[in-house]
Every structure is written in C-alpha cells, then in structure tokens.
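Chemist: Structure for the following, please:
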Amino acid sequence: MKHTKAIIFITFVAALSLILYFVFIHPRIFPPKPPVPVKREIYKYKVRGIDVSHHQGSIDWSKVKQHGVDFVFLKATEGEYHVDTRFADNLRQARAHKIPVGAYHYYRFNRSALVQWANYKKIVPRHLIDLPPVIDVEYHSNEDLLERSNKARFLEELKLLQLLLENHYGKKPIIYTDGRFYEDLLEGTVTDRFWMSDMRSVNLGYLDSSQWVFWQYSMRGKIPGIPTEVDLNVFNGDLQQLLQL
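Modeler: Modelled structure (predicted):
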C-alpha cells in the first residue's frame, strides 16, 4: 500500500514538474516562433503620398519633398462653413516644392450639396489643384445624422455635389470612404472612383481593381518634416497616370 502511494506521489510530482516547465521555463528558453507576417499588397504600388490637415501642424515641406512623397491631399473644407486653418499655407508650400496637390472636403450629412460646394469652391482655386476634388464621406462624427436622415436623399445630395464639382473643376471627383460605409451605402451607387481607407486588409479585393484610385493604408506614418503621425497612401497606377486623373 505504501509502495503504491509512493508511486502515485512520484507520478504526481513529475507531472506537475512537467507542467511548470512547459508553462514557465520552456517559453523563456525556446520562445514561440512569431506568426508569419502577411505581406500586404500595398508594397507593389510605387506611387506613394500622404494626406494632411491642421492636425499635422506646421510642416517642413522641403523635408517632405526630399523624402520622396509623390502626392499630397490637403484638407480644405468641411460642411457649410468650416475651412482648415492650415490649408492655404500647406497649398502654397506644397506647390512651391512641386508636389502634386489635391484637396478634400469633409461631407456633412446635415448640410445640402449646394452649400458644401459653395464652401469648397470659395476656398480651393481650380488653377492651383493638380488632382481631382475629393469628397470625404464616413460615419465618424456623422453617424447620428445619417440615422435621422433619408439615405436615398443623402445619395441624391452626394451625386449633386459630384456633378457640381466636376463641372467647376473639370475633373471627376473621387469619393474617400472606408469599407463599412462603402458596403452600407455606396456599393454600386455613386461612382467608380474611390479612395479607400483600409488599415488591415491584404488587398482591396472587395472592389474591382479599376474602382479604387487611392488606398489609405496607415494612419501612423512617420515622414521627415511632419511633427506628428500622418496618413499614408498609395496610388493605383504610375506617376504619369496620376497627373492625368
């Protein structure tokens, strides 16, 4: 009986020792292999740019140019009245350093297309903009407004704003949005020219490759001359195609 108890005790101690070893000691000596990183398809696109607003503060555009940024989108306006406080200076400096420039408008669902177009038109000189106008539509700061409005009416207003911008600037506008908003409201409706914000996907497989023009793949970029983190983007084409948009 004593012999049996001794065997059981020794077996228990041995099992406990093995458990403690593999839980506390083995991982320190033989750390687990890190997961194989997924190679995002952004790396096959060679034309790269940024988008900035007043949140980036004062930018040293000479350093941005030296870093090899191929294009920049500047926040210009929002809603009916708001104008980004850094837009005029960013536009002047980016153009002085010969970086192709675009300007975007943050769309407010509780304002008409006409008043938002008037705001953008007043602030963004068409002879100083190289890239098509951009309409930024997303749920952020807008979700409650959309829930209280008619979605069909929203799409009508968005289409009207696209038409007004295209007629004035002579370039078909681009819609900036994210995957959720695209699937909820925009898929198959307003345009085939999207600037997609997607920080996680390996690719933009939920869109035909001809539908997306720009891909914002990170909001945590580090660019010399910019004192904060900045959004990073790629263009779906080459430099010549960029300037022909």
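
Chemist: tell me the strands in the chain, going along the chain?
Modeler: Using DSSP state E, the strands of the chain run over 48-52, 71-78, 82-83, 101-106, 134-136, 174-178, 194-197, 212-221, 230-235.

Chemist: Which among those strands is found nearest to Leu186?
Modeler: Smallest distance to Leu186 across the strands of the chain (C-beta to C-beta): 6.1 Å, for strand 174-178. Every C-beta, even on glycine, is put in place using the N, C-alpha and C of the backbone.

Chemist: pLDDT at Ile19, what is it?
Modeler: Ile19 is assigned 56 on the pLDDT scale.

Chemist: which residues of this structure score low on pLDDT?
Modeler: Counting by pLDDT under 70, the chain has low-confidence residues at 1-39, 144-149.

Chemist: Now tabulate the strands of the chain in CSV and tack on distance to Asn203.
Modeler: Formatted as CSV, those follow (distance: least, C-beta to C-beta, whole Å):
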stretch, distance to Asn203
strand 48-52, 16
strand 71-78, 21
strand 82-83, 34
strand 101-106, 23
strand 134-136, 22
strand 174-178, 15
strand 194-197, 11
strand 212-221, 9
strand 230-235, 11
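
Chemist: Ok, which of these comes nearest Asn90?
Modeler: Nearest of the strands of the chain to Asn90, taken as C-beta to C-beta: strand 71-78 at 4.8 Å.

Chemist: how far is that closest one from where the chain is centred?
Modeler: Its chain's C-alpha centre and that of strand 71-78 lie 13 Å apart, by C-alpha atoms, centre = their mean, to the nearest Å.

Chemist: Within the sheet, what are the partner strands of it, with directions?
Modeler: strand 48-52 (parallel), strand 82-83 (antiparallel), strand 101-106 (parallel) (DSSP bridges).

Chemist: Quick check: which of those strands has the most neighbours on average?
Modeler: Most buried of the strands paired with strand 71-78, by mean neighbour count (mean count of other C-beta atoms under 10 Å): strand 101-106, with a mean of 25.
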